[in-house]
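Asker: attaching a predicted model along with its sequence, questions to come.
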Amino acid sequence: MMDYTIERERVLSITELTRIIKKNLESSIELNSIWIKGEISNLTLHTSGHIYFSLKDENSVISAVFFKNVNRKLSFKLEDGMSVFAGGGISVYEKRGSYQFNVNLIRLEGIGELQKSIEQLKIKLMKEGIFDPSNKKPIPFFPIRIGVVTSVTGAAFRDIVQVARRRYPGIEIILAPAIVQGLDAHKSIVRGIEELNNPEWEVDIIIAGRGGGSFEDLMPFNEETVVRAFHKSRVPIVSAVGHQIDHPLSDDAADIAAPTPSAAAEIAVPVISEIKGELDYLVIKISNLVSDMFKNIKIRIINAIGRPVFRDPMNIINYKSLVLSDLESRLISAEKDIISEKKNSYNAIPDIHSLIKNIHSICINKYILVLQSVENLSPIGILKRGYSIIYNLKNEILKSTNNINTNDKIRIKLHNGELYCSVDSKKKGVIDG
Amino acid sequence: MDKKKVSKVHLDFESSLKELEKIAERLESGDLGLEDSIKEFEKGMEYAKYCHEKLEEAENKIMILQKGKNNQVKSKNLKINNNSEMEDDEDIQGTLL
């Protein structure tokens, strides 16, 4: 029986009572670090970032609070009527004397089953070799037209267009519009991938995906038909599904996976100014190599021409004439009958003067021909097309910004002259050509 | 020259660029005679020309596939303005494949 006499020193203030309740509830093992299951109602997304709602079942209801610092990690949107598992514990709000469930984690009911079925599908497809790295096709180095399978209205397509155009302004993009979430999404995505595989569209690479979303939103990219379509694609295909933790199975079946649609565009489209720079560099390089070679040959020809035989061919003729007249005098001194005999054979010797002249003119003609082809292939021809060669003070050709400093003097060779300049400033990196 | 021959050898852009690099290496080695060097140089210039043409080839357009009559899929140019906002003058949702 309760003693109705009031012993003042044993009377509790409300605050004291509440503290005792709080201490008891919040330290109870039964009420903390537990999972509860219920339906969300009275959902309030407070401007402070905290989320307030009630969890109920057929008979009871409890208030719940999902604080900002823990609800940031939530991968899907809460809605009234959702059936969820909430992990956390009971806390007491002293000011109101109310208790509530303090939520640390929320899982959708049924998600466990979905994840299990994805795991099973993954094992099945793995056994079939759908994810084999040996089946993966190389990504083309330089695509002219990329195909995209995604929603026409989503941010994913806009992101892909923006990134692709920034890297290669001439790129052609062809979109196969698809529904990327909901029950019909998988059919739509498969149709898009199949259509872009039609050779008629001349697509070099396909990007199929969507922006980030909840686990359920990304489910179409875990559908068996979609995963198989990624695998079957004749055209190299990039899986571009925005995700943070769990990647969809399409990532495993695609030739390459990107964490976002923008990243997929970076994988698929090269930076064209870099390629142009490389190309120009190679052209100048081989031109220089060949013209150097011709310079060397020209010097060799000039040296050869400078030798006495070529410089004064008449020397040879004069020498031969001496031999000839010597021979003649010896012939004259010989016996007459022999003379007549020998004279006949002398007449048979061809005119040595004209023979030497012939050889000489043939040499000169060949030399002119070679000189002409040297002129045709010289770097001047290349310079006329707008290229220029830059030398430093040591007469070395500049191939990189590394070997030159600000205020250095440089010499720029153009086809019809030279410019003497100094470097104002320098900037690294490849500039659009 | 051997324009046709060289063009036939082209498989794609990447291998053309690689060929060009190889030619530069061969010329650089200095092992080639004059005539071979000229041949290599001409081949290199052909590859470079082809690559330049390829770079200029694409037209910067954006197309959208849609189902026409008889279920045939057709492409239609899609306009995107400077802010990358797509023009939805038509009910684009209705054109989903």
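Answerer: Yep, that arrived. Numbering: from 1, shown residues only, chains lettered A, B, ... in the order given.
Asker: next, count neighbours for the residue nearest to residue A:242 when sequence neighbours are not counted.
Answerer: Distance criterion CB to CB, 6 or more residues apart in numbering or on different chains; nearest residue to residue A:242, sequence neighbours excluded, is residue A:212 at 3.1 Å. C-betas here are computed from N, CA, C, even on glycine. Residues near residue A:212, counting by other CB atoms under 10 Å in any protein chain shown, number 16.
Asker: for residue A:212, give me its contacts.
Answerer: A:218, A:242, A:243, A:244, A:260 (CB atoms under 8 Å, 6 or more residues apart in numbering or on different chains).
Asker: again with residue A:37
Answerer: By CB under 8 Å, 6+ apart, the contact set of residue A:37 is A:57, A:83, A:84, A:85, A:86, A:109.
Asker: quick check: chain neighbours aside, which residue is closest to the third one?
Answerer: Of all residues not flanking residue A:84 in the chain, residue A:106 sits nearest, at 5.2 Å (CB to CB, 6+ apart).
Asker: name the residue of the stretch 51-200 of chain A that lies nearest to chain B.
Answerer: Nearest residue of the stretch 51-200 of chain A to chain B: residue A:141, at 3.6 Å (CB to the nearest CB).
Asker: so the spatially closest residue to that residue that is not a sequence neighbour is in which element?
Answerer: Closest residue to residue A:141 apart from its sequence neighbours, by CB to CB, 6+ apart: residue B:14 at 3.6 Å. Under the criterion of DSSP states H and E, residue B:14 resides in helix B:13-29.
Asker: do the longest helix along chain B and chain A meet?
Answerer: Identified as the longest helix of chain B according to DSSP state H is helix B:34-57. Yes: counting by CB under 8 Å from any CB of the partner chain, chain A has neighbours in helix B:34-57: B:34, B:37-38, B:40-41, B:44-45, B:48, B:51-52, B:54-57.
Asker: for the helix holding residue B:14, buried residues please.
Answerer: Neighbour-count burial for helix B:13-29 flags B:13, B:16, B:17, B:19, B:20, B:21, B:23, B:24, B:26, B:27 (criterion: 16 or more other CB atoms under 10 Å in any protein chain shown).
Asker: which regions of chain B sit below the pLDDT cut-off?
Answerer: B:1-11, B:69, B:79-97 (pLDDT under 70).
Asker: domains of it?
Answerer: In terms of domains, chain B is parsed into B:3-57, B:63-95 (source: automatic domain parsing).
Asker: can you tell me the closest non-neighbouring residue to residue A:76?
Answerer: residue A:214 (3.2 Å).
Asker: burial of the closest residue to residue A:408 other than its chain neighbours, as a residue count?
Answerer: Excluding its sequence neighbours, the residue lying closest to residue A:408 (CB to CB, 6+ apart) is residue A:423, at 5.1 Å. Look at residue A:423: counted by other CB under 10 Å, it has 16 neighbours.
Asker: looking at it, residue A:423 is touching residue A:410, isn't it?
Answerer: Yes: at 6.3 Å, residue A:423 and residue A:410 qualify as touching, with contact defined as CB atoms under 8 Å.
Asker: for burial, what's the neighbour tally of the residue of the stretch 51-200 of chain A closest to chain B?
Answerer: A count of nearby residues for residue A:141, using other CB under 10 Å, gives 14.
Asker: try the one 10 residues further on
Answerer: The burial count assigned to residue A:151 is 22, neighbours taken as other CB under 10 Å.
Asker: what's opposite the residue nearest to residue A:84 in the beta bridge?
Answerer: Taking DSSP bridges as the rule, residue A:106 bridges to residue A:86.
Asker: check contacts around it.
Answerer: Residue A:106 neighbours (CB under 8 Å, 6+ apart): A:66, A:74, A:78, A:84, A:85, A:86, A:87.
Asker: since that was my last question, I'll sign off now.
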